[in-house]
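Trainee: What follows is a predicted protein model with its sequence.
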Amino acid sequence: MATSSHSERGRITARVSGAVQETLEAAAGILGSTLNQFIVQSALREAERVIEQERIIRLSEQEADAFLSALDNPLPPNDALVAALENYTARRNDQTGTFDWAPRPKHV
């Protein structure tokens, strides 16, 4: 089985027009870096920005109030949740300490 390590180096190639290459080379030159360094640093910075944006939840004041209200005033558990908790509690207290669980397909 192949394993991956953060210390291993990967290779990324891209075909770009001459105009794009000239622009990238000019920007790299201004910063005093190689074209490769500039592309990697720029791509990494953008990748980190995209990932960070996906981690942030933006809510309006009204949405934030509704969210906090839902946390402060949760709905009572439905029958399925009560049954699941009872099942879990019974199995957790089983002397074997094992669970007999089979995943169910997700309904989309």
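Mentor: Structure received.

Trainee: Name the single longest helix found in the protein.
Mentor: Criterion DSSP state H: the longest helix present in the chain is helix 35-55.

Trainee: Past it, which element shows up next along the chain?
Mentor: For helix 35-55, the following helix or strand on the C-terminal side (DSSP states H and E) is helix 61-72.

Trainee: Which strands or helices does the least confident helix or strand in the chain by mean pLDDT pack on?
Mentor: Within the chain, judged by mean pLDDT, DSSP states H and E, the helix or strand with the poorest mean is helix 79-92; its value is a mean of 88. Under the contact criterion of 3 or more Cβ pairs under 8 Å, 6 or more residues apart in numbering; DSSP states H and E, the helices and strands touching helix 79-92 comprise an empty set. (C-beta placed from N, C-alpha, C; glycine too.)

Trainee: Could you chop this structure up by domain?
Mentor: With automatic domain parsing as the criterion, the domains of the chain are listed as 18-55, 61-92.

Trainee: From the opening residue of the shortest one to its closing one, how far?
Mentor: Okay, so that is domain 61-92. The separation between the terminal residues of domain 61-92, taken as Cα to Cα, to the nearest Å, is 42 Å.

Trainee: What of the longest one?
Mentor: According to Cα to Cα, domain 18-55 extends 36 Å from its N-terminal end residue to its C-terminal end residue.

Trainee: Show me which residues of it are buried.
Mentor: 24, 28, 38, 39 (16 or more other Cβ atoms under 10 Å).

Trainee: average pLDDT for the longest helix of the chain?
Mentor: Mean pLDDT, taken over the full extent of helix 35-55, equals 96.
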